[in-house]
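Chemist: next one to model:
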Amino acid sequence: MLKSYLLVAWRNLLRNKLFSLINVAGLAIGMASVFLIYLYNEVEHSYDSQVPSADRIFRVPSGYYNKDGGYQRTSAENVPAAGPALKETFPEIEEYARLMSSARAAAVTAAISGESHGESFALVKIVCTMRILHLSHCSGYR
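Modeler: Take a look at the predicted model:
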């Protein structure tokens, strides 16, 4: 019975080539779309799920605006005074860490101290972030 159905389907595919191509292409595009939506959903819902205190970690983004007050963009980086000011204002805040690209960290540290100590600034940032995320430190690569 199944062999008969497959034979009829194969004959219809060969007889109506354009119609079959459109149907198969539509099915493939639909299945690929569902798969991509599923993957996106999985990534969004599993982000930072390995951190034990993920429900208590928040990001304070900084927004940039044009001179006329129009919204331009949002960044994960923030100003240096934001962490201490928020911790002082809100006693619920346990720890804070800043996000900054390595090149910018070296430039900011050089501007503050007059010389480049980007490595030490990056180390402090990593240690603080590791403490917040409850990560253990492994030395070496062996």
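Chemist: could you pull out the helices for the protein?
Modeler: In chain order, the chain shows helices spanning 2-15, 17-46, 82-89, 102-113, 118-133, with DSSP state H as the criterion.
Chemist: how many neighbours does residue 87 have?
Modeler: The local packing count at residue 87 equals 14, with neighbours defined by other Cβ atoms under 10 Å. Placement of C-beta: from N, CA and C, glycine included.
Chemist: then residue 97?
Modeler: Other residues near residue 97 come to 17 when the count uses other Cβ under 10 Å.
Chemist: is it true that it touches residue 82?
Modeler: No. Checked against Cβ atoms under 8 Å, the pair residue 97 and residue 82 is beyond contact range at 11.0 Å.
Chemist: check what pLDDT residue 93 gets.
Modeler: At residue 93 the predicted local distance difference test score is 85.
Chemist: return the residues in contact with it.
Modeler: For residue 93, the contacting residues are 86, 87, taking Cβ atoms under 8 Å, 6 or more residues apart in numbering as the criterion.
Chemist: measure it to residue 57 for me?
Modeler: Distance, residue 93 to residue 57, using Cβ to Cβ, to the nearest Å: 11 Å.
Chemist: low-confidence regions, this protein specifically.
Modeler: Applying pLDDT under 70 to the predicted model, the residue ranges of the chain that meet it are 99-142.
Chemist: mind doing that once more with 50?
Modeler: Counting by pLDDT under 50, the chain contains low-confidence residues at 109-124, 142.
Chemist: neighbours of the nearest residue to residue 71 once chain neighbours are set aside, just the number please.
Modeler: In this structure, residue 71 finds its nearest non-sequential neighbour in residue 65, 5.9 Å apart by Cβ to Cβ, 6 or more residues apart in numbering. Residues lying near residue 65 (other Cβ under 10 Å) number 10.
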